[in-house]
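**Q** got a predicted structure plus its sequence, pasted below:
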Amino acid sequence: MPRNSRPPVTGKHRVARRTKIAMGAIGLAIAVGGLAVAVTAGRTGEASADPADPSFFIDINKVPAGNNVNAALKKKGAQGSFTVNCGTNADGAHQNPDNFIAQPGIKNGAQHLHDYVGNLTTNADSSLKSLLAGGTTCKNGDKSAYFWPVIRIDREDKAQAQQKNQQAQQQQKGKTGDVQQDKSAQDAQDAQEQRNSQGQGGGRSGKSAQQQQGDQNQNQDGQQQQRRQRNQDQNNQQDQNKNQQQNQQNQNKNQQQNNQDKATQSQAAQQDQLGGIQGANKEVGDNDGTIIEPESATLKFIGGGAQDVVAMPLGLKILYGDAKQSTNGPANARPSWTCTGFEDRLTDLYPICPAGSKVERIHNFPNCWDGKNTDSANHRTHIVFANQQGKCPQGFKNVPQLQVTLVYNVPQDVQQNGEYKVDAFAQEKHNPRSDHDDFANVMSRQIMGRLVNCINSGKACAE
């Protein structure tokens, strides 16, 4: 059953977990007179402030109209549609930082938080069998998995950035020059040995030449005895050093063995460090702030420009966009952002919408299936996009195109100040180009049959 909606978030101020850490660390640095303190945000040595870059935001009025290729394809081919009502996850009951498609079996593999609708059991270990056995939020019983990264509002990003600058200045003040080694004791010893080597008395009056020669021989015998003693001390020290080195080597071997024995046990802890959920705001890695759930989440299947479509196979997995576009390159990243009332244009930046308009994400999935595989090694080659005429590559078949439309009531001042951002991998730095979406088909044969019929017959169906 769909969950009840909650009032839209209005951007209440909060004291973030990482802000508290930053403030405490800065106070400590000042108290100890310039001690360099590293304030971390889940990654050692990096400051806690993690705002989206101001260059990631654009006034939607500055985005050229008519650049939405999805809108152009909707006018071609079969004109039917099939909308599934699966709710919005308004209460945040089903969220985790997993991705069983791209990172199967790896807890927290996504390193950012996903919103889920549809199947209620989706996690890192999900399989077709487990999904078929799970419940669903979809009214018509569709057990498919639909999930996308959450959006957060963080009004404290600017304050954190200022704290980062203060910390850097404090660290600079705390730096000192090299400390020179005190060699006075060594110098005194060297002077004493020099005096001994020159003999005592130096031919002072009152002693015969024979007495002086005897004194010199005595001094030489004493010096030889001292050298022998020093050599013996050196040998003893070398033996002691060898023993210490051997003991250290044995300790290192034991430690290495212990580390190997503990490797399996620490795997779960390491995975938690990749992006385990922390705190009331479900902060994950570098993703902080208050989560804002979509006001509406529309899951619509359309023709995608095809004259007719064939059924999706059970278990078909599809990715939209690229969560690691900074690493993989721009090939799979797609413009996903717009504002309500401006759907004729899409941008790969965060939109700043005019009054009365709301932030909107539109995700149109690939819709050309190879006819054989439900997944592939890179999770992409088995299903690709149709061309601008709605046609598939040779050997591929048109399947229904999933279009996910998410609308958010982001306060105007938050938009203007660049204080909202999508959850992302750390290297993406909240780049809106990393926006993405995931889908796994777990529809029954009956539901898929109705879906295909509605699209091909030109009907607008909703369940």
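**A** In hand now; what should we look at? Please read these numbers as outputs of a predicted model, since none were measured by experiment.
**Q** so S336 sits against G321, correct?
**A** Yes - contact criterion Cβ atoms under 8 Å: S336 and G321 qualify, at 6.5 Å. C-beta: built from backbone N, CA, C; applies to glycine.
**Q** overlap of the contact sets of those two?
**A** Shared contacts of S336 and G321, defined by Cβ atoms under 8 Å, 6 or more residues apart in numbering, comprise H363, D435.
**Q** which of the two has more residues huddled nearby?
**A** A count of neighbours by other Cβ atoms under 10 Å puts S336 above the other of S336 and G321, at 25 against 21.
**Q** distance of the more buried one from Q427?
**A** 19 Å (Cβ to Cβ, to the nearest Å).
**Q** burial count for A426?
**A** 18.
**Q** need the helix or strand of this structure with the lowest average pLDDT.
**A** Lowest by mean pLDDT, DSSP states H and E among the helices and strands of the chain is helix 17-31, with a mean of 40.
**Q** now name the helix or strand holding the closest residue to S444 other than its chain neighbours.
**A** Leaving aside its chain neighbours, S444 sits nearest to G141 (7.1 Å; criterion: Cβ to Cβ, 6 or more residues apart in numbering). Using DSSP states H and E, G141 falls within no helix or strand.
**Q** and the pLDDT for G141?
**A** We have a pLDDT of 98 for G141.
**Q** with the one 3 residues further on instead?
**A** You'll see S144 listed with a pLDDT of 98.
**Q** what does G285 give?
**A** 89.
**Q** ok, Q232 next?
**A** 73.
**Q** what about it, which SS state?
**A** Using DSSP: H, G, I helix; E, B strand; the rest coil, the structure places Q232 in helix.
**Q** about what we covered before: just checking, what packs against the helix or strand just after the least confident helix or strand of the chain?
**A** Next in sequence after helix 17-31, counting helices and strands by DSSP H and E, comes strand 57-59. Under the contact criterion of 3 or more Cβ pairs under 8 Å, 6 or more residues apart in numbering; DSSP states H and E, strand 57-59 touches strand 350-352.
**Q** list the strands paired with the strand it packs on, with their directions.
**A** Paired with strand 350-352 in the same sheet, following DSSP bridges, are strand 57-59 (parallel).
**Q** so how far is the strand it pairs with off the chain centroid?
**A** 24 Å (Cα atoms, centre = their mean, to the nearest Å).
**Q** check what contacts it and list those residues.
**A** With Cβ under 8 Å, 6+ apart, strand 57-59 has contacts from T347, L349, Y350, P351, I352, Q415, G418.
**Q** what is the neighbour count of the second one?
**A** Summarising burial for L349: neighbours were counted as other Cβ under 10 Å, giving 18.
**Q** I'd say it and W337 touch.
**A** Yes - between L349 and W337 there is a contact under Cβ under 8 Å: 6.5 Å.
**Q** show the pLDDT at the residue lying closest to Q401 once chain neighbours are set aside.
**A** Counting by Cβ to Cβ, 6+ apart, Q401 lies nearest to G304, which is 3.2 Å off, once chain neighbours are set aside. As predicted, G304 sits at a pLDDT of 96.
**Q** from what I can see G304 touches N387, true?
**A** No - assessed by Cβ under 8 Å, G304 is found out of contact with N387, at 10.7 Å.
**Q** these two: who's more crowded?
**A** Neighbours were counted for G304 and for N387 using other Cβ under 10 Å; G304 has more, 28 against 12.
**Q** any idea where the strands of the stretch 101-250 of the chain begin and end?
**A** For the stretch 101-250 of the chain, the strands defined by DSSP state E, counting those that start in this stretch cover 114-118, 145-149, 151-153.
**Q** low-confidence ranges, the stretch 301-450 of the chain, go.
**A** Nowhere does the stretch 301-450 of the chain drop to pLDDT under 70.
**Q** and the helices in the protein, which stretches?
**A** Using DSSP state H, the helices of the chain run over 17-31, 69-74, 128-133, 157-173, 184-197, 209-275, 325-328, 412-416, 445-457.
**Q** who touches the residue nearest to A124 when sequence neighbours are not counted in this structure?
**A** Nearest non-adjacent residue to A124, counting by Cβ to Cβ, 6+ apart: D98, 3.8 Å away. Residues in contact with D98 (Cβ under 8 Å, 6+ apart) are I106, K107, N108, G109, A110, H114, T122, N123, A124.
**Q** ok, so of the residues you listed, who is nearest G134?
**A** Of all the contacts of D98, T122 has the smallest distance to G134: 7.7 Å, by Cβ to Cβ.
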